[in-house]
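>>> Following is a predicted model, sequence given first.
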Amino acid sequence: MMSTVTIRSSQKMFTEEEVSGLTGICLEHLRSLTRIKHLGQAVAAAAAAGGTAEKWFYTPSDLMVLNLVCGRCEH
């Protein structure tokens, strides 16, 4: 059964944490799907330790695809 995700029409980008919360997909599976399905945009963010880390952002279209392709994680 497919779940319904409701978002604000004014929101154009979502962080991986927001996508995880909206879809129920854990961050590990979300990052894996992002690489496999070529979704989202990676943005280099300054890490607290002085290095750089990747931060993923998703469009509403990416969110729809993720919601269709993967169900909620059960673990």
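That came through, no problem.
>>> Where in this structure is the helix or strand with the lowest mean pLDDT?
Within the chain, no helix or strand scores below strand 41-46, which has a mean of 72 by mean pLDDT, DSSP states H and E.
>>> And the helix or strand that that one is followed by, what does it pack against?
The helix or strand immediately downstream of strand 41-46 is strand 52-58, counting by DSSP states H and E. Applying 3 or more Cβ pairs under 8 Å, 6 or more residues apart in numbering; DSSP states H and E, we find strand 52-58 packed against strand 14-15, helix 16-23, strand 41-46. Backbone N, C-alpha and C define where each C-beta goes, glycine included.
>>> Could you say which one of these comes nearest to Gly71?
Closest approach to Gly71 among the helices and strands packed on strand 52-58 (Cβ to Cβ): helix 16-23, 8.8 Å.
>>> tell me the angle that closest one makes with strand 52-58.
Per axes from the mean of the first three to the mean of the last three Cα atoms, to 10 degrees, the angle that helix 16-23 makes with strand 52-58 is 40 degrees.
>>> Contacts made by helix 16-23 with the rest, please.
3, 5, 7, 14, 25-27, 30-31, 34, 40, 55-58, 62-63, 66-67, 70, 72 (Cβ atoms under 8 Å, 6 or more residues apart in numbering).
>>> Run through the chain and note the low-pLDDT ranges.
Scanning the chain with the threshold set as pLDDT under 70 gives 1-3, 44-53.
>>> List the contacts of Leu63.
5, 7, 14, 19, 22-23.
>>> circling back to that earlier point, I'd like to know which of the contacts of helix 16-23 are part of strands.
Among the contacts of helix 16-23, DSSP state E puts 14, 55-58 in strands.
>>> Many thanks, I have nothing further to ask.
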